[in-house]
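Engineer: Following is a predicted model, sequence given first.
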Amino acid sequence: MPPGLDHPEDPRLLPLVAESRAFYAQRGARRGPGTLTELAAVRAAAGTPDPAPVEVLELEGHRVPVRVHAPSRGRPRAVVLDVHGGGFLLGSTAGDDRRHRRLADALGVVVVGVEHRLAPEHPWPAAADDCEVVARWLLRQAGERFGTTALALAGLSSGATLALTTLLRLRDRGLSAVRGAVLHCGTYDLSGRTPAGRLIAGEFFLDAYAGPAADRTHPDLSPGFAEFAGLPPVLLVVGADDVLLEDNRAVAGRLVAAGVDVDLAVYPASPHAFTQHPTPMARAALDDADAWLARRLGPAAAGPPS
């Protein structure tokens, strides 16, 4: 059970702190690329992801590649649309295959990973458009394709930003069928205008994603400036040592003020994107997120696959 806003750090996690501290002391601090040259080098080192099991979803002439992982047993109880991280610049949903496979089997869900376009070649709103297209396709087609109409969203880092933007776009279209969203360590002020946003002002990835946008407080670009009323339940997961902690706290407060059902789960001795790392703290956070999501998705489906 993740803690709530009143007690964001759970005492049961304290025995895991020493091991987390030791892991990050050995791993050292790491940063993303700070120039186009560094970005090109990181991309080249990452190589090309395995194309399988990529398929392409199309809606209103907009085509978006995705990777789909169905549960190994039983009929799926829901579909989880997941958006990968990478500062809007890096990564592929293929890098999340293992995590998606685990989630599909742990919760009995279909996990759909979005292969959205990357900045700076494709600045905002390209990635957000891709995520919205996949979400709307699933709302229309998931019942026929997967045998379930229950949908949840998830994302990590920039993926959490895009997932929240997608929730807002769906709400603004009058589409309210999403059961909930799990947002890991997102950045919600890309303008540097808020106290939390100023902590990362000037970062390369912000300029790359925002591109020529004249107003970086636009809520589709910086969802922390949006009106949140009418959103489904949200779980915010963040490390206590993450530079984005204050941004997540600020968004949690605004979600509460808007009447949204929100949980803020803060994990001690944990930096940015800690849920991707092999630590007991990460395992605890993922288990908490699974339990939170399972409660929003309802009972697991029974019987063989349809």
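Structural biologist: Perfect, I can see it now.
Engineer: so where's the stretch 51-200 of the chain shaky on pLDDT?
Structural biologist: The stretch 51-200 of the chain contains residues with pLDDT under 70 at 51-53.
Engineer: Could I get the full set of strands for it?
Structural biologist: Ranges of strands in the stretch 51-200 of the chain, per DSSP state E, counting those that start in this stretch, are 54-59, 62-69, 78-83, 109-114, 151-156, 178-184.
Engineer: With mean neighbour count and distance to residue 265 added, can I get the ones you listed in a markdown table?
Structural biologist: For every residue, glycine as well, the C-beta is placed using N, CA and C. Output for the strands of the stretch 51-200 of the chain, formatted as a markdown table (neighbours: other C-beta atoms under 10 Å; distance: least, C-beta to C-beta, whole Å):
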| stretch | mean neighbour count | distance to residue 265 |
| --- | --- | --- |
| strand 54-59 | 14 | 31 |
| strand 62-69 | 19 | 24 |
| strand 78-83 | 28 | 18 |
| strand 109-114 | 27 | 20 |
| strand 151-156 | 26 | 14 |
| strand 178-184 | 25 | 10 |
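Engineer: In contact with residue 219, which residues?
Structural biologist: 168, 225, 226, 227 (C-beta atoms under 8 Å, 6 or more residues apart in numbering).
Engineer: Quick one, which of those residues are buried?
Structural biologist: 168, 225, 226 (16 or more other C-beta atoms under 10 Å).
Engineer: about what we covered before: figure out which of the strands of the stretch 51-200 of the chain is closest to residue 197.
Structural biologist: Closest to residue 197 of these, according to C-beta to C-beta: strand 178-184, at 16.6 Å.
Engineer: Run through who's touching that closest one.
Structural biologist: Identification of contacts with strand 178-184 by C-beta under 8 Å, 6+ apart yields 78, 85, 135, 150-157, 159-160, 163-164, 167, 170, 231-238, 273, 275, 289, 292-293, 296-298.
Engineer: how about a cut-off of 7 Å?
Structural biologist: By C-beta atoms under 7 Å, 6 or more residues apart in numbering, the surrounding residues in contact with strand 178-184 are 78, 150-157, 160, 163-164, 167, 170, 232-237, 275, 289, 292-293, 296-297.
Engineer: which of these count as buried?
Structural biologist: 78, 150-157, 160, 163-164, 167, 170, 232-237, 275, 289, 292-293, 296-297.
Engineer: Which of the residues you listed fall in helices?
Structural biologist: The helices, defined by DSSP state H, take in 160, 163, 164, 167, 170, 289, 292, 293, 296, 297 from the buried ones among the contacts of strand 178-184.
Engineer: Excluding sequence neighbours, find me the nearest residue to the second one.
Structural biologist: Meaning residue 163. Nearest residue to residue 163 in three dimensions, chain neighbours excluded: residue 155, at 3.5 Å (C-beta to C-beta, 6 or more residues apart in numbering).
Engineer: Please give me every residue in contact with that neighbour.
Structural biologist: Residue 155 is in contact with 82, 83, 162, 163, 183, 184, 186, counting by C-beta under 7 Å, 6+ apart.
Engineer: Quick check: bridge partners of it?
Structural biologist: With DSSP bridges applied, residue 155 shows beta-bridge pairing to residue 83, residue 183.
Engineer: what separates it from residue 81, distance-wise?
Structural biologist: Note on residue 155: its distance to residue 81, by C-beta to C-beta, to the nearest Å, is 9 Å.
Engineer: Over to residue 257?
Structural biologist: 26 Å.
Engineer: cool, and residue 201?
Structural biologist: Noted for residue 201: a distance of 30 Å to residue 81, by C-beta to C-beta.
Engineer: quick revisit: nearest to residue 92, out of the buried ones among the contacts of residue 219: which one, please.
Structural biologist: Nearest to residue 92 among the buried ones among the contacts of residue 219 is residue 168, at 24.7 Å by C-beta to C-beta.
Engineer: pretty sure the closest one is touching residue 226, no?
Structural biologist: Yes - with contact defined as C-beta atoms under 7 Å, residue 168 reaches residue 226; the gap is 5.2 Å.
Engineer: and residue 196, how many neighbours?
Structural biologist: Number of residues near residue 196 (other C-beta atoms under 10 Å) recorded here: 21.
Engineer: can you tell me how far residue 41 sits from residue 60?
Structural biologist: The spacing between residue 41 and residue 60, counted by C-beta to C-beta, is 37 Å.
Engineer: again, but for residue 76
Structural biologist: 26 Å.
Engineer: Mind checking which of these two has more residues around it?
Structural biologist: Just comparing residue 76 and residue 60: by other C-beta under 10 Å the higher neighbour count belongs to residue 76, 24 against 7.
Engineer: got the contact list for the more buried one?
Structural biologist: By C-beta under 7 Å, 6+ apart, the contact set of residue 76 is 70, 108, 109, 110, 146, 147, 148, 301.
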